[in-house]
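J.: can you look at this prediction? I've put the sequence above it.
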Amino acid sequence: MSYLGVGISPGNVAVYHGGKMKVVDRRLRLTELLLRCSVTALAFLGLILIVTDTQVKKIFTIEKRAKYTNMKSLVFLVVANGIAAVYSLLQSVRCVMGSMKGSVLFSKSLAWAIFSGDQAMAYMSVAAIAAASESGVIGIRGEEELQWMKVCNMFGKFCNRGAGGVASAMLASLAMVLVSCISAFSLFRLYGATTQRPNLAVVK
């Protein structure tokens, strides 16, 4: 015996799928997949731009080399981008497999795991961007009170390429925040689905 228009989850959560709900689910899965792929691509791009960013400047007889490891905030950003890219790639594979099977996320435990992971990635990405942006501003403007000089006056190429990497990482971070909103919706609608039960037709 089955119930018309009802899907029963492994976690015993009843989710009702009318015509409109199926369209919403399909669009939501597609949006999530596109955003996760965007996070993967943008995070990898930002990582490559920053890691390969280097410039040598000769000051009198001394050569000074600028590289991302000289700034701890950029090291943090590279690590955060790497983690976010790999995580998003794995989640993208999960989304593709789910779309191929035509399945919808019903399990509360899995939904909580995805939600927690997305939240952690979003917070980590935002924190890394904030730290790198602050260091970038100091590099451009300097800090007179602390007697920190304007580094970008001497290492313009390094700063420009680094700014591109930070911008790419910022877009990845924004996409990750949107993904975390989608995973939050996917999680909490499982709880809302159990409180609203329409009259069901029984099909034998």
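T.: Everything's here; your move. Keep in mind the model is a prediction, meaning the values are calculated, not measured.
J.: for the chain, longest helix please?
T.: Criterion DSSP state H: the longest helix present in the chain is helix 156-193.
J.: that one packs against which elements?
T.: Under the contact criterion of 3 or more CB pairs under 8 Å, 6 or more residues apart in numbering; DSSP states H and E, helix 156-193 touches strand 14-16, helix 19-51, strand 54-59, helix 72-101, helix 108-141. No exception for glycine: its C-beta is placed from N, CA and C like everyone else's.
J.: list the buried residues of it.
T.: Neighbour counts over helix 156-193 (16 or more other CB atoms under 10 Å) mark 158-159, 161-163, 165-180, 182-183, 186-187, 189-190, 193 as buried.
J.: gap between the residue most central in space within the chain and W112?
T.: For the chain, the residue sitting closest to the mean C-alpha position, by CA atoms, centre = their mean, is M176 at 2.6 Å. Remark: distance between M176 and W112 (CB to CB, to the nearest Å) = 18 Å.
J.: separation between A167 and R29?
T.: According to CB to CB, A167 stands 28 Å off from R29.
J.: wait, I meant F76
T.: For F76 relative to R29 (CB to CB), the value is 32 Å.
J.: the more surrounded of the two?
T.: Counting neighbours by other CB atoms under 10 Å for F76 and for R29 shows that R29 has the greater number, 20 against 17.
J.: chain neighbours aside, what residue packs nearest to that one?
T.: Excluding its sequence neighbours, the residue lying closest to R29 (CB to CB, 6 or more residues apart in numbering) is S99, at 5.7 Å.
J.: how about A111?
T.: Excluding its sequence neighbours, the residue lying closest to A111 (CB to CB, 6+ apart) is L187, at 4.3 Å.
J.: now T69
T.: V75 (6.1 Å).
J.: confidence-wise, which helix or strand of this protein is lowest on average?
T.: strand 2-3 (a mean of 36; mean pLDDT, DSSP states H and E).
J.: check contacts around F115.
T.: Contacts for F115 (CB atoms under 8 Å, 6 or more residues apart in numbering) come out as S180, S183, A184, S186, L187.
J.: can you rerun that using 7 Å?
T.: F115 sits next to S183, A184, L187 when contact means CB atoms under 7 Å, 6 or more residues apart in numbering.
J.: any chance of these in JSON lines, with pLDDT too?
T.: JSON lines is the format used below for those (pLDDT from 0 to 100):
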{"residue": "S183", "pLDDT": "89"}
{"residue": "A184", "pLDDT": "88"}
{"residue": "L187", "pLDDT": "83"}
